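Asker: Just the structure for this:
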Amino acid sequence: MTTLEEPIVENDDDSTKDTTSSAVLDILPPPLLQTLTKKSTSEHPTLLPVQERAYRPISSGSDAVLFAPTGSGKTLGFVLPLFAQWLDWKKAGKLPQRKRKRLGPSDYYTQQKEEACTPSILILVPSRELAKQVGKVCAQYHPASSRRVATVFGGVPLERHVAIMHSNVDVVVGTAGRIRELIRKEHLSTEHVRTIVLDEADVLLNFEDQPEIEMLLNGMQEDYQLVLASATINRLVKDFVEDTMEMTSKDENFIVVEGVDG
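Answerer: You can find the predicted model right below:
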């Protein structure tokens with residue numbers, strides 16, 4: 001089972017601090033820096049290598065590939081730059097606004113039906129355990145409120161997830177099958193999705209989940225940012241990166257942290 005990644009580490013020796021980390025912390029939006037500081041075990045928070053290297057390409061809206069071992073901080077590696085983008089979208093007035101529409105006369109004119117949830121960020125994971133872990137990190141770091149994050153997965157009644165996908169949800173984290181089910185039943189729409197993350201892609205892109213992933217990506221009507229995070233580089237992941245993302249290991253946004261299996 002994938003363990004929850006520690007977002008920050010303590011480092012009291014100033015001589016060993018990476019200047020890249022300082023540069024990223026200098027440009028990190030105040031709401032994110034404040035949360036990072038609160039969670040730090042030292043006076044000055046320090047970013048892990050994958051978090052340092054992933055911030056600029058992802059926060060700029062570019063596609064990116066993150067290969068780093070389990071426990072290396074990949075979750076926060078994409079959460080921080082995605083929420084930095086979210087703040088920019090909010091400032092520019094680009095976040096979707098959900099509306100309510102009335103049902104017909106047979107519904108006594110009083111009941112209202114909500115349109116499908118329209119998040120800006122969609123994060124797909126291979127298991128309910130990882131969905132809970134990633135959802136927790138997203139809820140902790142969302143600049144506005146933890147209620148902006150909905151976590152969905154199989155094994156529980158669909159209605160329970162429909163109930164939490166309210167009008168203010170910006171981020172949906174979930175397993176591929178449950179997300180596809182919500183889309184098919186029109187409870188979730190990808191109309192305004194600006195970024196899709198495939199987390200633990202080495203597991204996600206197996207024969208069971210890959211058709212769901214392909215259908216989801218093929219159904220996207222607007223351009224979007226695609227971020228792939230993985231602990232290992234297997235053949236399925238390599239083929240996906242080359243064929244779907246059209247990236248190679250020579251690309252600047254192809255980030256490999258030492259220790260990844262190859």
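
Asker: next one: whichever helix in the chain runs longest to chain centre, how far?
Answerer: When the chain is parsed with DSSP state H, its longest helix is helix 74-91. What separates the centre of helix 74-91 from the centre of its chain is 9 Å, taken as CA atoms, centre = their mean, to the nearest Å.

Asker: Could you do stretch 31-45 as well?
Answerer: Using CA atoms, centre = their mean, we find the averaged C-alpha position of stretch 31-45 to lie 20 Å away from the chain's own average C-alpha position.

Asker: try stretch 119-138
Answerer: Between the centre of stretch 119-138 and the centre of its chain there are 7 Å (CA atoms, centre = their mean).

Asker: Which residues in it does the neighbour count mark as buried?
Answerer: The neighbour-count criterion (16 or more other CB atoms under 10 Å) identifies 119-128, 130-131, 133-138 as the buried residues of stretch 119-138. For every residue, glycine as well, the C-beta is placed using N, CA and C.

Asker: What of stretch 86-96?
Answerer: Neighbour counts using 16+ other CB under 10 Å place 86-87, 89, 95-96 of stretch 86-96 among the buried residues.

Asker: Between the residues you listed, which sits nearest residue 61?
Answerer: Taking CB to CB as the measure, residue 61 lies nearest residue 89 of the buried residues of stretch 86-96, at 10.1 Å.

Asker: The closest one and residue 95 touch, don't they?
Answerer: Yes. Judged on CB atoms under 8 Å, residue 89 makes contact with residue 95 at a distance of 5.4 Å.

Asker: can you list residues touching both of those two?
Answerer: Listed contacts common to residue 89 and residue 95 are residue 120; contacts here mean CB atoms under 8 Å, 6 or more residues apart in numbering.

Asker: Check the secondary structure at residue 196 for me.
Answerer: Residue 196 carries the three-state label strand when classified by DSSP: H, G, I helix; E, B strand; the rest coil.

Asker: neighbours around it, how many?
Answerer: A total of 20 residues lie near residue 196 under the criterion other CB atoms under 10 Å.

Asker: Just want to check the distance between the closest residue to it other than its chain neighbours and residue 36.
Answerer: Spatial nearest neighbour of residue 196, excluding adjacent residues (CB to CB, 6 or more residues apart in numbering): residue 122 at 5.0 Å. Applying CB to CB, to the nearest Å, the value for residue 122 to residue 36 is 24 Å.

Asker: Check residue 223 too.
Answerer: Taking CB to CB as the criterion, residue 223 is separated from residue 36 by 30 Å.

Asker: more crowded one of these two?
Answerer: Summary of the neighbour comparison: residue 223 and residue 36, criterion other CB under 10 Å, with residue 36 having more neighbours (20 against 7).

Asker: helix or strand for that one, which one?
Answerer: Residue 36 is located in helix 30-39, with elements delineated by DSSP states H and E.

Asker: Just the buried residues of that helix, please?
Answerer: Buried residues in helix 30-39, defined by neighbour count with 16+ other CB under 10 Å: 32, 35-36.

Asker: what about the following helix or strand past it, distance to the chain center?
Answerer: Past helix 30-39, further along toward the C-terminus, the next helix or strand under DSSP H and E is helix 49-59. From the chain centre to the centre of helix 49-59 is a distance of 14 Å (CA atoms, centre = their mean).
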